[in-house]
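Colleague: would you be able to build a 3D model of this:
(one chain, ligands or ions: 1)
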Amino acid sequence: MAEENIAVTRFREYLRVNTMQPKPDYAGCAAFLKGYAEELGLEYAAYEPVAGKPVVVLTWRGSDPTLGAILLNSHTDVVPVSRARWTQDPFAATKLPNGDIVARGSQDMKCVGIGYLEAIRILKSQGVVPVRTVHSSFVPDEEIGGTDGMKAFIQTADFKALNVDFALDEGISHPDDAYKVFYSERTPWWITLTAKGSAGHGSQFIEPNATARLIRVLNKFLALRESEQRRLALGLKLDGSKYTLGDVTSVNVTMLNAGVQANVVPEVAKASVDVRVAPTVNLVEFKKLIRGWCDEEEIELTGMMPDFSGSTAADSSNKWWNVLSAVASQRSVKLEPEVFPAGTDSRFLRAIGLPALGISPIRNTPILLHDHDEFLNENTFLEGVSFYVDLIKQLVRTQ
Ligand code: ZN
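Modeller: Numbers count the residues shown, from 1 in each chain. Now for the predicted structure:
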(Lines give C-alpha, C1' and ligand atoms only; values in the text may rest on other atoms or scores of the structure.)
Protein backbone atom coordinates (compact mmCIF):
# COMPACT_ATOMS: atom_id res chain seq x y z
CA MET A 1 0.00 0.00 0.00
CA ALA A 2 1.31 3.44 -0.90
CA GLU A 3 2.33 5.64 1.98
CA GLU A 4 -0.19 8.30 2.93
CA ASN A 5 0.50 11.84 1.79
CA ILE A 6 1.69 13.97 4.72
CA ALA A 7 -1.09 16.51 4.02
CA VAL A 8 -3.72 13.79 4.40
CA THR A 9 -2.11 12.56 7.62
CA ARG A 10 -2.11 16.06 9.15
CA PHE A 11 -5.69 16.60 7.94
CA ARG A 12 -6.86 13.43 9.70
CA GLU A 13 -4.95 14.37 12.87
CA TYR A 14 -6.65 17.77 12.94
CA LEU A 15 -10.06 16.12 12.43
CA ARG A 16 -9.43 13.98 15.50
CA VAL A 17 -9.10 17.07 17.71
CA ASN A 18 -12.67 17.26 19.00
CA THR A 19 -13.64 20.90 18.57
CA MET A 20 -17.38 20.24 18.55
CA GLN A 21 -19.66 22.94 19.92
CA PRO A 22 -20.74 23.63 22.60
CA LYS A 23 -17.52 22.42 24.29
CA PRO A 24 -14.73 22.58 21.74
CA ASP A 25 -11.27 21.41 22.81
CA TYR A 26 -9.62 24.73 21.97
CA ALA A 27 -6.57 24.02 24.15
CA GLY A 28 -5.94 20.76 22.30
CA CYS A 29 -6.45 22.54 19.01
CA ALA A 30 -3.93 25.28 19.89
CA ALA A 31 -1.41 22.64 20.99
CA PHE A 32 -1.85 20.82 17.66
CA LEU A 33 -1.29 24.06 15.72
CA LYS A 34 1.74 24.97 17.82
CA GLY A 35 3.42 21.69 16.92
CA TYR A 36 2.44 22.25 13.29
CA ALA A 37 4.03 25.73 13.29
CA GLU A 38 7.30 24.27 14.61
CA GLU A 39 7.24 21.54 11.99
CA LEU A 40 6.72 24.04 9.16
CA GLY A 41 9.03 26.74 10.54
CA LEU A 42 6.26 29.33 10.92
CA GLU A 43 5.84 31.94 13.65
CA TYR A 44 3.18 30.97 16.18
CA ALA A 45 0.98 33.34 18.17
CA ALA A 46 -2.17 32.74 20.20
CA TYR A 47 -4.37 35.67 21.16
CA GLU A 48 -7.28 35.49 23.55
CA PRO A 49 -9.61 38.43 23.00
CA VAL A 50 -11.97 36.24 25.06
CA ALA A 51 -10.32 34.03 27.71
CA GLY A 52 -10.24 30.34 26.83
CA LYS A 53 -11.03 30.98 23.17
CA PRO A 54 -7.68 31.29 21.40
CA VAL A 55 -7.23 32.84 17.99
CA VAL A 56 -4.12 31.12 16.64
CA VAL A 57 -2.07 32.82 13.92
CA LEU A 58 0.72 31.05 12.02
CA THR A 59 2.83 33.55 10.16
CA TRP A 60 5.05 33.12 7.11
CA ARG A 61 7.00 36.36 7.05
CA GLY A 62 7.28 38.26 3.75
CA SER A 63 10.33 40.10 2.43
CA ASP A 64 8.61 43.48 2.05
CA PRO A 65 7.06 44.69 5.31
CA THR A 66 5.69 47.80 3.58
CA LEU A 67 3.14 45.64 1.76
CA GLY A 68 -0.03 44.47 3.52
CA ALA A 69 -0.46 40.84 4.48
CA ILE A 70 -2.64 38.06 3.12
CA LEU A 71 -4.96 36.54 5.72
CA LEU A 72 -5.85 32.88 5.23
CA ASN A 73 -8.74 32.39 7.61
CA SER A 74 -10.43 29.27 8.90
CA HIS A 75 -12.51 28.48 11.96
CA THR A 76 -11.50 25.67 14.29
CA ASP A 77 -14.89 24.75 15.76
CA VAL A 78 -17.37 22.30 14.24
CA VAL A 79 -21.10 21.75 14.72
CA PRO A 80 -22.56 18.96 16.88
CA VAL A 81 -23.29 15.48 15.53
CA SER A 82 -26.22 13.09 15.91
CA ARG A 83 -23.97 10.17 16.67
CA ALA A 84 -26.58 7.50 15.91
CA ARG A 85 -26.94 8.80 12.35
CA TRP A 86 -23.25 8.35 11.50
CA THR A 87 -21.88 5.13 10.05
CA GLN A 88 -18.39 6.04 11.34
CA ASP A 89 -17.08 7.67 14.50
CA PRO A 90 -17.22 11.39 13.54
CA PHE A 91 -13.94 12.12 15.33
CA ALA A 92 -11.90 9.12 14.18
CA ALA A 93 -11.26 10.47 10.66
CA THR A 94 -11.71 7.01 9.19
CA LYS A 95 -10.52 6.65 5.60
CA LEU A 96 -12.70 4.33 3.56
CA PRO A 97 -11.12 2.09 0.85
CA ASN A 98 -12.20 4.61 -1.85
CA GLY A 99 -10.31 7.43 -0.08
CA ASP A 100 -13.32 9.13 1.50
CA ILE A 101 -12.35 10.61 4.85
CA VAL A 102 -15.43 10.63 7.06
CA ALA A 103 -15.38 13.16 9.89
CA ARG A 104 -17.16 16.18 11.31
CA GLY A 105 -15.30 19.19 9.94
CA SER A 106 -13.93 17.39 6.87
CA GLN A 107 -15.77 19.90 4.62
CA ASP A 108 -16.51 22.66 7.14
CA MET A 109 -13.73 23.64 7.34
CA LYS A 110 -10.69 21.79 8.59
CA CYS A 111 -9.80 20.85 5.00
CA VAL A 112 -9.30 24.55 4.27
CA GLY A 113 -7.13 25.28 7.33
CA ILE A 114 -4.87 22.32 6.54
CA GLY A 115 -4.99 23.18 2.83
CA TYR A 116 -3.42 26.59 3.54
CA LEU A 117 -0.65 25.13 5.72
CA GLU A 118 0.20 22.20 3.45
CA ALA A 119 0.39 24.60 0.51
CA ILE A 120 2.88 26.69 2.50
CA ARG A 121 4.89 23.52 3.24
CA ILE A 122 5.15 22.85 -0.51
CA LEU A 123 5.96 26.46 -1.40
CA LYS A 124 8.72 26.55 1.22
CA SER A 125 10.17 23.31 -0.13
CA GLN A 126 10.23 24.92 -3.59
CA GLY A 127 12.29 27.78 -2.17
CA VAL A 128 9.55 30.38 -2.62
CA VAL A 129 10.14 33.52 -0.56
CA PRO A 130 6.92 35.50 -0.13
CA VAL A 131 6.99 39.23 -0.76
CA ARG A 132 3.84 39.77 1.26
CA THR A 133 3.47 38.26 4.70
CA VAL A 134 0.97 35.39 5.02
CA HIS A 135 -1.03 34.93 8.23
CA SER A 136 -3.02 31.71 8.63
CA SER A 137 -5.62 32.49 11.27
CA PHE A 138 -7.48 29.74 13.13
CA VAL A 139 -10.43 31.33 14.89
CA PRO A 140 -12.94 29.92 17.41
CA ASP A 141 -16.73 30.04 17.61
CA GLU A 142 -17.70 30.72 13.99
CA GLU A 143 -20.41 28.11 14.28
CA ILE A 144 -22.11 30.03 17.10
CA GLY A 145 -21.95 33.45 15.46
CA GLY A 146 -18.31 34.52 15.87
CA THR A 147 -18.97 37.01 18.66
CA ASP A 148 -16.10 35.67 20.80
CA GLY A 149 -14.08 34.75 17.72
CA MET A 150 -13.45 36.86 14.63
CA LYS A 151 -15.78 39.65 15.75
CA ALA A 152 -13.83 40.13 18.99
CA PHE A 153 -10.44 39.65 17.32
CA ILE A 154 -10.85 42.34 14.65
CA GLN A 155 -11.39 44.93 17.38
CA THR A 156 -7.95 44.29 18.92
CA ALA A 157 -4.59 45.97 18.36
CA ASP A 158 -3.22 42.48 17.67
CA PHE A 159 -5.45 42.21 14.62
CA LYS A 160 -4.45 45.69 13.39
CA ALA A 161 -0.81 44.73 13.77
CA LEU A 162 -1.33 41.92 11.26
CA ASN A 163 -1.76 44.67 8.64
CA VAL A 164 -4.10 42.66 6.43
CA ASP A 165 -4.81 43.73 2.82
CA PHE A 166 -6.89 40.79 1.65
CA ALA A 167 -8.52 37.71 3.19
CA LEU A 168 -9.53 34.27 2.03
CA ASP A 169 -12.19 32.42 4.00
CA GLU A 170 -14.53 29.46 3.63
CA GLY A 171 -17.04 28.57 0.94
CA ILE A 172 -19.10 25.44 0.30
CA SER A 173 -18.35 22.30 -1.66
CA HIS A 174 -19.77 22.11 -5.18
CA PRO A 175 -21.71 19.02 -6.31
CA ASP A 176 -20.70 19.78 -9.91
CA ASP A 177 -17.43 20.54 -11.63
CA ALA A 178 -16.77 24.10 -10.35
CA TYR A 179 -15.76 26.12 -7.27
CA LYS A 180 -18.22 28.48 -5.63
CA VAL A 181 -16.76 31.85 -4.60
CA PHE A 182 -18.65 33.97 -2.08
CA TYR A 183 -18.23 37.72 -2.29
CA SER A 184 -21.11 38.93 -0.11
CA GLU A 185 -23.69 37.76 2.42
CA ARG A 186 -27.31 38.44 3.15
CA THR A 187 -28.22 40.52 6.18
CA PRO A 188 -30.06 38.48 8.83
CA TRP A 189 -32.98 40.17 10.61
CA TRP A 190 -34.72 38.30 13.40
CA ILE A 191 -37.98 40.08 14.12
CA THR A 192 -40.44 39.61 16.98
CA LEU A 193 -43.95 40.94 16.42
CA THR A 194 -46.28 41.60 19.32
CA ALA A 195 -49.96 42.36 18.60
CA LYS A 196 -52.31 43.56 21.31
CA GLY A 197 -56.11 43.67 21.48
CA SER A 198 -59.03 43.21 23.81
CA ALA A 199 -59.89 39.97 25.59
CA GLY A 200 -63.35 38.47 25.54
CA HIS A 201 -65.59 35.51 24.87
CA GLY A 202 -64.85 33.42 21.79
CA SER A 203 -68.46 33.82 20.59
CA GLN A 204 -68.15 37.60 20.03
CA PHE A 205 -66.57 39.86 17.40
CA ILE A 206 -63.98 41.31 19.76
CA GLU A 207 -62.10 44.36 18.43
CA PRO A 208 -59.33 45.25 18.38
CA ASN A 209 -58.35 41.61 17.90
CA ALA A 210 -54.72 40.64 18.59
CA THR A 211 -54.60 37.46 16.52
CA ALA A 212 -56.38 39.09 13.56
CA ARG A 213 -53.88 41.96 13.62
CA LEU A 214 -50.94 39.59 13.75
CA ILE A 215 -52.27 37.36 10.97
CA ARG A 216 -52.89 40.32 8.64
CA VAL A 217 -49.24 41.36 9.04
CA LEU A 218 -47.97 37.80 8.75
CA ASN A 219 -49.89 37.46 5.49
CA LYS A 220 -47.83 40.33 4.12
CA PHE A 221 -44.63 38.54 5.16
CA LEU A 222 -45.93 35.38 3.49
CA ALA A 223 -46.75 37.24 0.28
CA LEU A 224 -43.17 38.54 0.22
CA ARG A 225 -41.97 35.01 0.91
CA GLU A 226 -43.95 33.64 -2.00
CA SER A 227 -42.81 36.26 -4.48
CA GLU A 228 -39.15 35.80 -3.51
CA GLN A 229 -39.51 32.04 -3.73
CA ARG A 230 -40.98 32.43 -7.21
CA ARG A 231 -38.16 34.76 -8.22
CA LEU A 232 -35.62 32.18 -7.06
CA ALA A 233 -37.35 29.38 -8.96
CA LEU A 234 -38.16 31.17 -12.19
CA GLY A 235 -36.42 34.54 -12.37
CA LEU A 236 -33.34 35.42 -14.38
CA LYS A 237 -30.71 38.03 -13.63
CA LEU A 238 -29.83 40.78 -16.10
CA ASP A 239 -26.99 38.66 -17.46
CA GLY A 240 -29.39 35.77 -18.10
CA SER A 241 -28.10 33.59 -15.26
CA LYS A 242 -30.39 32.02 -12.65
CA TYR A 243 -30.82 33.43 -9.17
CA THR A 244 -29.20 31.58 -6.27
CA LEU A 245 -30.50 31.57 -2.72
CA GLY A 246 -28.18 34.41 -1.70
CA ASP A 247 -29.67 36.68 -4.39
CA VAL A 248 -33.18 36.69 -2.93
CA THR A 249 -34.67 37.65 0.43
CA SER A 250 -35.87 34.64 2.41
CA VAL A 251 -38.72 34.89 4.94
CA ASN A 252 -39.82 32.30 7.48
CA VAL A 253 -42.33 32.59 10.30
CA THR A 254 -40.43 30.60 12.91
CA MET A 255 -42.41 31.07 16.17
CA LEU A 256 -46.09 31.63 16.94
CA ASN A 257 -47.65 32.17 20.31
CA ALA A 258 -51.13 33.24 21.53
CA GLY A 259 -54.00 32.23 23.73
CA VAL A 260 -54.84 30.21 26.82
CA GLN A 261 -58.04 28.39 25.91
CA ALA A 262 -60.10 27.74 22.75
CA ASN A 263 -63.09 29.93 23.72
CA VAL A 264 -61.10 32.92 25.04
CA VAL A 265 -60.02 35.73 22.67
CA PRO A 266 -56.40 36.48 23.64
CA GLU A 267 -55.11 39.97 24.44
CA VAL A 268 -51.66 39.28 23.05
CA ALA A 269 -50.39 37.40 20.00
CA LYS A 270 -46.71 37.03 19.12
CA ALA A 271 -44.68 35.80 16.18
CA SER A 272 -41.02 35.59 15.26
CA VAL A 273 -39.88 35.95 11.69
CA ASP A 274 -36.45 35.08 10.27
CA VAL A 275 -35.67 37.36 7.35
CA ARG A 276 -32.42 37.23 5.33
CA VAL A 277 -32.19 40.31 3.19
CA ALA A 278 -30.45 40.07 -0.17
CA PRO A 279 -27.46 42.45 -0.62
CA THR A 280 -29.18 44.24 -3.51
CA VAL A 281 -32.04 45.43 -1.28
CA ASN A 282 -31.93 48.97 0.17
CA LEU A 283 -32.06 48.22 3.90
CA VAL A 284 -33.39 51.64 4.90
CA GLU A 285 -36.32 51.32 2.51
CA PHE A 286 -36.90 47.71 3.49
CA LYS A 287 -37.04 48.54 7.19
CA LYS A 288 -39.48 51.37 6.43
CA LEU A 289 -41.75 48.98 4.52
CA ILE A 290 -41.87 46.42 7.36
CA ARG A 291 -42.37 49.12 10.00
CA GLY A 292 -45.23 50.52 7.90
CA TRP A 293 -46.98 47.11 7.90
CA CYS A 294 -46.64 46.93 11.68
CA ASP A 295 -47.73 50.52 12.34
CA GLU A 296 -50.94 49.99 10.35
CA GLU A 297 -51.92 47.22 12.77
CA GLU A 298 -50.37 48.87 15.85
CA ILE A 299 -48.00 45.94 16.19
CA GLU A 300 -44.82 46.33 18.19
CA LEU A 301 -41.72 45.26 16.33
CA THR A 302 -38.54 44.28 18.21
CA GLY A 303 -35.27 42.86 16.96
CA MET A 304 -32.31 44.80 15.67
CA MET A 305 -31.35 44.63 12.04
CA PRO A 306 -27.57 44.61 11.70
CA ASP A 307 -25.91 46.90 9.18
CA PHE A 308 -25.07 45.44 5.80
CA SER A 309 -21.52 44.11 6.04
CA GLY A 310 -20.65 44.99 2.45
CA SER A 311 -19.62 43.13 -0.67
CA THR A 312 -16.22 42.41 -2.20
CA ALA A 313 -16.05 43.06 -5.93
CA ALA A 314 -16.08 39.82 -7.89
CA ASP A 315 -14.93 41.38 -11.16
CA SER A 316 -11.85 42.82 -12.87
CA SER A 317 -11.95 45.98 -10.71
CA ASN A 318 -10.59 43.87 -7.83
CA LYS A 319 -6.94 42.80 -8.24
CA TRP A 320 -7.42 39.92 -5.79
CA TRP A 321 -10.33 38.61 -7.81
CA ASN A 322 -8.14 38.81 -10.89
CA VAL A 323 -5.47 36.66 -9.23
CA LEU A 324 -8.05 34.09 -8.13
CA SER A 325 -9.72 33.90 -11.51
CA ALA A 326 -6.38 33.66 -13.38
CA VAL A 327 -5.25 30.78 -11.16
CA ALA A 328 -8.59 29.00 -11.61
CA SER A 329 -8.49 29.36 -15.37
CA GLN A 330 -4.87 28.09 -15.52
CA ARG A 331 -6.12 25.04 -13.67
CA SER A 332 -9.22 24.81 -15.90
CA VAL A 333 -11.57 25.19 -12.96
CA LYS A 334 -14.75 27.19 -13.40
CA LEU A 335 -15.56 29.75 -10.70
CA GLU A 336 -19.15 30.54 -9.73
CA PRO A 337 -19.39 33.82 -7.81
CA GLU A 338 -22.33 33.86 -5.38
CA VAL A 339 -23.84 35.60 -2.37
CA PHE A 340 -23.50 33.39 0.72
CA PRO A 341 -27.02 32.43 1.87
CA ALA A 342 -26.12 32.35 5.60
CA GLY A 343 -23.26 33.88 7.58
CA THR A 344 -19.46 33.39 7.76
CA ASP A 345 -16.61 35.28 9.46
CA SER A 346 -16.02 37.14 6.18
CA ARG A 347 -18.79 39.57 7.09
CA PHE A 348 -16.73 40.96 10.00
CA LEU A 349 -13.77 41.52 7.67
CA ARG A 350 -15.88 43.15 4.97
CA ALA A 351 -17.57 45.35 7.58
CA ILE A 352 -14.20 46.98 8.39
CA GLY A 353 -13.52 47.50 4.70
CA LEU A 354 -11.29 44.51 3.94
CA PRO A 355 -11.84 42.60 0.71
CA ALA A 356 -12.67 38.98 1.55
CA LEU A 357 -13.55 36.07 -0.72
CA GLY A 358 -14.93 32.75 0.51
CA ILE A 359 -13.88 29.61 -1.30
CA SER A 360 -13.55 25.96 -0.32
CA PRO A 361 -11.78 24.26 -3.24
CA ILE A 362 -14.02 21.19 -3.24
CA ARG A 363 -15.78 20.10 -6.42
CA ASN A 364 -17.82 17.09 -7.54
CA THR A 365 -18.68 16.49 -3.90
CA PRO A 366 -22.11 16.55 -2.23
CA ILE A 367 -22.72 19.43 0.18
CA LEU A 368 -22.53 17.74 3.59
CA LEU A 369 -21.55 20.57 5.90
CA HIS A 370 -23.46 20.19 9.19
CA ASP A 371 -24.86 16.86 7.86
CA HIS A 372 -24.41 13.24 8.95
CA ASP A 373 -21.44 11.32 7.52
CA GLU A 374 -19.72 14.50 6.35
CA PHE A 375 -16.78 13.40 4.21
CA LEU A 376 -14.14 14.55 1.79
CA ASN A 377 -12.26 12.31 -0.59
CA GLU A 378 -8.48 12.47 -0.09
CA ASN A 379 -7.87 13.17 -3.78
CA THR A 380 -10.31 16.07 -3.72
CA PHE A 381 -8.60 17.37 -0.59
CA LEU A 382 -5.17 17.10 -2.27
CA GLU A 383 -6.46 18.91 -5.34
CA GLY A 384 -7.45 21.70 -2.94
CA VAL A 385 -3.92 21.80 -1.50
CA SER A 386 -2.50 22.07 -5.01
CA PHE A 387 -4.97 24.86 -5.79
CA TYR A 388 -3.77 26.77 -2.72
CA VAL A 389 -0.14 26.27 -3.80
CA ASP A 390 -0.87 28.04 -7.10
CA LEU A 391 -3.08 30.68 -5.50
CA ILE A 392 -0.87 31.59 -2.53
CA LYS A 393 2.20 31.71 -4.79
CA GLN A 394 0.50 34.47 -6.80
CA LEU A 395 -1.08 36.29 -3.86
CA VAL A 396 2.23 36.74 -2.03
CA ARG A 397 3.73 38.55 -4.98
CA THR A 398 0.77 40.64 -6.05
CA GLN A 399 1.59 44.34 -5.90
ZN1 ZN B 1 -17.74 26.87 8.32
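Colleague: can we go C-alpha only for contacts and neighbour counts from here?
Modeller: Will do.
Colleague: name the nearest residue to residue 30, sequence neighbours excluded.
Modeller: residue 56 (6.7 Å; Cα to Cα, 6 or more residues apart in numbering).
Colleague: what is the burial count for that neighbour?
Modeller: Neighbour count for residue 56, taken as other Cα atoms under 10 Å: 25.
Colleague: who's it bridged to?
Modeller: residue 46, residue 138 (DSSP bridges).
Colleague: for it, what are its contacts?
Modeller: Residue 56 sits next to 30, 33, 44-47, 137-139 when contact means Cα atoms under 8 Å, 6 or more residues apart in numbering.
Colleague: now it: how far from residue 322?
Modeller: 29 Å (Cα to Cα, to the nearest Å).
Colleague: for residue 171, same thing?
Modeller: 18 Å.
Colleague: and what of residue 160?
Modeller: In terms of Cα to Cα, residue 160 sits 26 Å off from residue 322.
Colleague: give me phi/psi at residue 233?
Modeller: phi -80, psi -40 (degrees, to the nearest 10).
Colleague: which residues touch the closest residue to residue 211 other than its chain neighbours?
Modeller: Spatial nearest neighbour of residue 211, excluding adjacent residues (Cα to Cα, 6+ apart): residue 269 at 5.5 Å. Contact partners of residue 269, counting by Cα under 8 Å, 6+ apart, are 194-196, 210-211, 214, 256-259.
Colleague: closest one of the residues you listed to residue 126?
Modeller: residue 256 (60.3 Å; Cα to Cα).
Colleague: the closest one: neighbour count?
Modeller: 13.
Colleague: in the one helix or strand residue 224 maps to, which residues are buried?
Modeller: If you go by DSSP states H and E, residue 224 is part of helix 210-234. Buried positions in helix 210-234, judged by neighbour count with 16 or more other Cα atoms under 10 Å: 210-214, 217-218, 221, 225, 228-229, 231-232.
Colleague: go on, stretch 352-359?
Modeller: 354-359.
Colleague: let's have those residues in TSV, adding pLDDT, secondary structure and distance to residue 305.
Modeller: As requested, the buried residues of stretch 352-359 are exported to TSV (pLDDT from 0 to 100; DSSP: H, G, I helix; E, B strand; the rest coil; distance: Cα to Cα, whole Å):
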residue	pLDDT	secondary structure	distance to residue 305
354	98	coil	22
355	98	coil	23
356	98	strand	22
357	98	strand	24
358	98	strand	23
359	98	coil	27
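Colleague: report the two of these separated the most.
Modeller: Farthest apart among the buried residues of stretch 352-359 by Cα to Cα are 354 and 359. That separation is 16.0 Å.
Colleague: quick one: the strands in the stretch 101-250 of the chain?
Modeller: 134-139, 164-169, 178-185, 187-196, 200-201, 250-258 (DSSP state E, counting those that start in this stretch).
Colleague: got a list of contacts for the second one?
Modeller: Taking Cα under 8 Å, 6+ apart as the criterion, the residues outside strand 164-169 that touch it are 68-74, 320, 345-346, 349, 354-360.
Colleague: give me that answer again for 10 Å
Modeller: Applying Cα atoms under 10 Å, 6 or more residues apart in numbering, the external contacts of strand 164-169 come out as 67-75, 109, 112-113, 116, 132-137, 181-182, 320, 344-346, 349-350, 353-360, 395.
Colleague: narrow the residues you listed to just the buried residues.
Modeller: 67-75, 109, 112-113, 116, 132-137, 181-182, 320, 344-346, 349-350, 354-360, 395.
Colleague: where does the protein dip in pLDDT?
Modeller: 1 (pLDDT under 70).
Colleague: can I see the domain layout of it?
Modeller: 6-185+310-395, 188-302 (automatic domain parsing).
Colleague: most neighbours per residue, which of those domains?
Modeller: domain 6-185+310-395 (a mean of 19; mean count of other Cα atoms under 10 Å).
Colleague: now do the same end-to-end measure for stretch 157-175.
Modeller: Terminal residues of stretch 157-175 lie 40 Å apart, using Cα to Cα.
Colleague: sorry, slip of the keys, the one I care about is stretch 76-88.
Modeller: Here the two ends of stretch 76-88 are set 21 Å apart, with distance taken as Cα to Cα.
Colleague: residue 201 reaches residue 267, doesn't it?
Modeller: No: assessed by Cα atoms under 10 Å, residue 201 is found out of contact with residue 267, at 11.4 Å.
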